[in-house]
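**Student:** for reference, the sequence and a predicted model appear below.
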Amino acid sequence: MKQRKFLKTATPYLFIMPWIIGFLVFTIGPLILSLIMSFFDWPLTTAPTFRGLGNYIDMFTKDKQFWKSLIISLKYAAIFVPLNMIIALFLAMLITQPVKGVKVFRTIFYIPAVISGVAVSIIWGWILNGDYGVLNYLLSLLGIKGPKWLVDPAWALLAVIIASAFGVGTMMLIFYTDIKNIPVDVYEAASIDGAGPARKFFSITLPIITPTILFNLITSIISSFQQVTLVMLLTGGGPLKSTYFYGLFTYNNAFKHHKLGYASANAWVMFIIILLLTAVVFKSSSAWVFYETEAKNSGAKKTKKKKGGRK
Amino acid sequence: MKRKIAVMCVLALTGTMMLTACGNKKDSNDGKTSDGKTAIRFATWDVADDVDAQQKLVDKFNEEHDDIEVTLEAYGSDFDTKISAGMGSGDTPDVMYMWNYPAYADGLEPLDEYIDKEGDDYKNDFYSTLWNYNSLDGTTYGIPVGFTTHSLFYNKDLFAQAGVEEPTDDWTWSDLQAAAKTIEEKTGQKGFAFQMKPDPYDFEMYLWSNGTAYCDEDGQMAGQIDSKESQEVFKMFQDMEKDGYAIATEKNGTDEFRAGTAAMYVYGSWSIASLNEDGMNYGVAKIPSFDGKTSVSILSSSGLSISKDSKNKDAAWEFVKYWTGEECNKARIGMELPVLNSVVESEGIMDEPEYAPFYEMLEQSDGHTPASFLIEDWSEISENLSLSFEQIFNPSSYMDVKDVLKEAADAQ
């Protein structure tokens, strides 16, 4: 009897066991190990030596590249995140319009998000090439002499941002599904009140999808700090280290310079930065994110109070 | 990009390190296969067709030896990561391809004793320059397998079109500049291409050719990289670019050369296959010299090393001998330039105009040790140098040669 009871409670855990083992061995284990490593001088071929907070102190006091890379990554995030969201929202609005062939456009907009980062990097390497790239050819048709995108440090970061906006499709899809879920009667009511398309967008669509905006904001902040594939393959951190992102800095410390301990410390600092940024966004969200359920509840409370007042 | 990729890389690596470390203890099979043969693991960095060709050579070795079973492990572009991880966890393949001796020497078996046992003739059959590139601090860690030097590639059609005489082996850089200028004027294509962001390891050959180096024997850069001779070299390349008849390329220059937009460039033998495939009308000559000094080329060499942790070093050496011997050298022609005098002679390689200059450069490049073997933190220094060079050659910065080199020397 007892055994049966045990089995009953244990069964669900047995079913998720493969996942739990995987999670412990491949996620939690390495995560803890990397935290431990960050307190060591950990070269690959010889034995590691403990150095306390040495890696962290070096990073903040001695390593100029750490600050430079951090600033580059912040700059990238500051431009990429809003730009990406605006483009995604714009495309999502486009594909919700009742136009013929909208399904085709939807597919076209989404396809780039399916392509692997490596392929995207190679494609943009060709598009952006200063001498025989497609982009500069198109610009030359307009009579504009395009810059050497990947050679001129003034343009390279922008080039990377343009290339990464290529993967906007996923975010667009999330916006799209949310916009599609907005009840039509809300718009109809607005039309009767004489609201134009712009008014409808700002007063109905935008407030209703704020939870989705929050979600997209957080995920894109995280992914922008983790950007490494594109710069590694498209620019190699150049020209003149102008796109030497924090992720690339960490990667090179680990696998080019074989300083695994230092690189682990780099990664943990980035982790903390992302954590803080996410926390800030979450905190601020109560000021601008609108949850329908919340509004109903607080509305109900208010009416109750009024009733109480009449008494 | 869903999670922190960089972290994941570190994590994945440490994860595998843990796993392999655990796994290793359990199945310590003292290097025997199930049927009692000595098992040798052999790691290569090659990919695709080259691996197939290598597998055939490995199969042949296994057929000839009843007591040794070699398995080929093709690591491809992950080679460095996997070898590093292997060394970290004591699970290195017995035999492996190797080039970056300063980084890995701690995990490799010194081979001098093995070589001495084979006698002088064995050692002397290899081109002597190559030994220098397969050892560190006087200890040999690898047996040469392949190499390339650099030579000057030129587009015969563009030379004919501009009415300029083709490069000869006694060319100086002034000859090259004059020719490049004329080609640019007559054809509108660039006369010469060089890399905007050269690998510092490669670029040191020009400093050697002008009688200097990145650093002295103790690895000190001050007084060497910022010397007058060194400045001359960088200034010359920068001036060629500023004058408009040379172009600093984003990649290695092969694209521009193949497209016919650059008439000359200096590169290793790697591009020969693709140039032949294009059916391009090109020639190869030795690198021009700085006013009569001997021009020197860097060597990109590969060797075969044995792991320090290998349990069957004698069997591993047996395989190394086979892999670096005449038969395999011959079999690899087309993939690698042979490293044995006897093979180069018997196969008449010196009669092939596109290959001969690489051997001539090899012979006149003895006696130089790359900075990567002398400077301790080379991988970081190299990254900084790479930035310095780009500051000099990138047209949007064109920084002053003297200042940049001074700063590079001071930063060490």
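**Tutor:** That came in fine, so what should we check first? Numbering: from 1, shown residues only, chains lettered A, B, ... in the order given.
**Student:** list the contacts of B:Pro102.
**Tutor:** B:Leu136, B:Ser372, B:Phe373, B:Trp378 (CB atoms under 8 Å, 6 or more residues apart in numbering or on different chains). For glycine as for every other residue, the C-beta is placed from the backbone atoms N, C-alpha and C.
**Student:** so the second one makes contact with B:Tyr201?
**Tutor:** Put plainly, it is B:Ser372. Yes - between B:Ser372 and B:Tyr201 there is a contact under CB atoms under 8 Å: 5.6 Å.
**Student:** name the residues contacting each of the two.
**Tutor:** B:Ser382.
**Student:** wait, B:Glu229 touches B:Gly211, no?
**Tutor:** Yes - here B:Glu229 reaches B:Gly211: they are 5.3 Å apart, a contact under CB under 8 Å.
**Student:** now for the two: what residues contact both?
**Tutor:** Common neighbours of B:Glu229 and B:Gly211 (CB under 8 Å, 6+ apart) do not exist.
**Student:** secondary structure class for the residue in the stretch 1-150 of chain A positioned nearest to chain B?
**Tutor:** Relative to chain B, the nearest point of the stretch 1-150 of chain A is A:Pro30 (3.4 Å; CB to the nearest CB). Following DSSP: H, G, I helix; E, B strand; the rest coil, we place A:Pro30 in the helix state.
**Student:** I'd like to know which elements the helix or strand containing A:Ala154 is packed against.
**Tutor:** A:Ala154 belongs to helix A:153-164 when elements are defined using DSSP states H and E. With contacts taken as 3 or more CB pairs under 8 Å, 6 or more residues apart in numbering or on different chains; DSSP states H and E, helix A:153-164 sits against helix A:64-95, helix A:117-128, helix A:229-230.
**Student:** with just CA atoms, put the helix or strand where B:Met236 lies into PDB.
**Tutor:** In this structure, B:Met236 is located in helix B:228-242 according to DSSP H and E. Output of helix B:228-242 as PDB, limited to C-alpha atoms (Å, rounded to 0.1, in the frame of the first residue of the first chain):
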ATOM      1  CA  LYS B 228      63.800  52.500 -38.200                       C
ATOM      2  CA  GLU B 229      63.700  49.400 -40.400                       C
ATOM      3  CA  SER B 230      60.300  48.300 -39.000                       C
ATOM      4  CA  GLN B 231      58.900  51.800 -39.600                       C
ATOM      5  CA  GLU B 232      60.200  51.700 -43.200                       C
ATOM      6  CA  VAL B 233      58.200  48.600 -43.900                       C
ATOM      7  CA  PHE B 234      54.900  49.900 -42.600                       C
ATOM      8  CA  LYS B 235      55.400  53.300 -44.200                       C
ATOM      9  CA  MET B 236      56.000  51.600 -47.600                       C
ATOM     10  CA  PHE B 237      52.800  49.700 -47.400                       C
ATOM     11  CA  GLN B 238      50.800  52.700 -46.200                       C
ATOM     12  CA  ASP B 239      52.300  54.900 -48.900                       C
ATOM     13  CA  MET B 240      51.400  52.400 -51.700                       C
ATOM     14  CA  GLU B 241      47.800  52.500 -50.500                       C
ATOM     15  CA  LYS B 242      47.800  56.300 -50.100                       C
END
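**Student:** what sits against the nearest residue to B:Ala285 once chain neighbours are set aside?
**Tutor:** Nearest non-adjacent residue to B:Ala285, counting by CB to CB, 6 or more residues apart in numbering or on different chains: B:Pro167, 4.2 Å away. Shown in contact with B:Pro167 (CB under 8 Å, 6+ apart): B:Leu152, B:Tyr154, B:Asp175, B:Leu176, B:Ala179, B:Met264, B:Gly283, B:Ala285, B:Pro288.
**Student:** which ones among these lie within helices?
**Tutor:** B:Asp175, B:Leu176, B:Ala179 (DSSP state H).
**Student:** burial count for the second one?
**Tutor:** B:Leu176 is flanked by 23 other residues according to other CB atoms under 10 Å in any protein chain shown.
**Student:** doesn't B:Pro288 make contact with it?
**Tutor:** Yes - if you go by CB under 8 Å, B:Leu176 and B:Pro288 touch, sitting 4.8 Å apart.
**Student:** hey, what's in contact with both of the two?
**Tutor:** B:Leu152, B:Pro167.
**Student:** the strand or helix carrying A:Thr177 close to chain B?
**Tutor:** Applying DSSP H and E as the criterion places A:Thr177 in helix A:169-180. No - using CB under 8 Å from any CB of the partner chain, we find that helix A:169-180 stays clear of chain B, coming within 10.2 Å at best.
**Student:** ok, back up a step: looking at the contacts of B:Pro167, which has the most residues close by?
**Tutor:** That'd be B:Met264 among the contacts of B:Pro167, by other CB under 10 Å, with 27 neighbours.
**Student:** which residue is nearest the centroid of the chain?
**Tutor:** All of this is about chain A. A:Ser220 (2.0 Å; CA atoms, centre = their mean).
**Student:** try chain B instead
**Tutor:** B:Ser300 (1.9 Å).
**Student:** that residue contacts B:Phe147, doesn't it?
**Tutor:** Yes - the pair B:Ser300 and B:Phe147 qualifies as a contact (CB under 8 Å) at a distance of 6.7 Å.
**Student:** ok, B:Asp80 - how many residues close by?
**Tutor:** 18.
**Student:** check contacts around it.
**Tutor:** Contacts of B:Asp80 by CB under 8 Å, 6+ apart are A:Phe255, B:Asn100.
**Student:** toward the C-terminus, what is the element adjacent to the helix or strand hosting it?
**Tutor:** Assigned by DSSP H and E, B:Asp80 falls within helix B:79-88. Beyond helix B:79-88 on the C-terminal side, the first helix or strand identified by DSSP H and E is strand B:95-98.
**Student:** who does that following strand pair up with?
**Tutor:** Counting by DSSP bridges, the strands paired with strand B:95-98 are strand B:38-44 (parallel), strand B:300-306 (antiparallel).
**Student:** residues contacting that strand, please?
**Tutor:** Against strand B:95-98 from outside (CB under 8 Å, 6+ apart): B:40-46, B:70, B:79, B:83, B:104, B:108, B:134, B:141-142, B:145, B:302-307, B:310, B:316, B:319-320, B:323.
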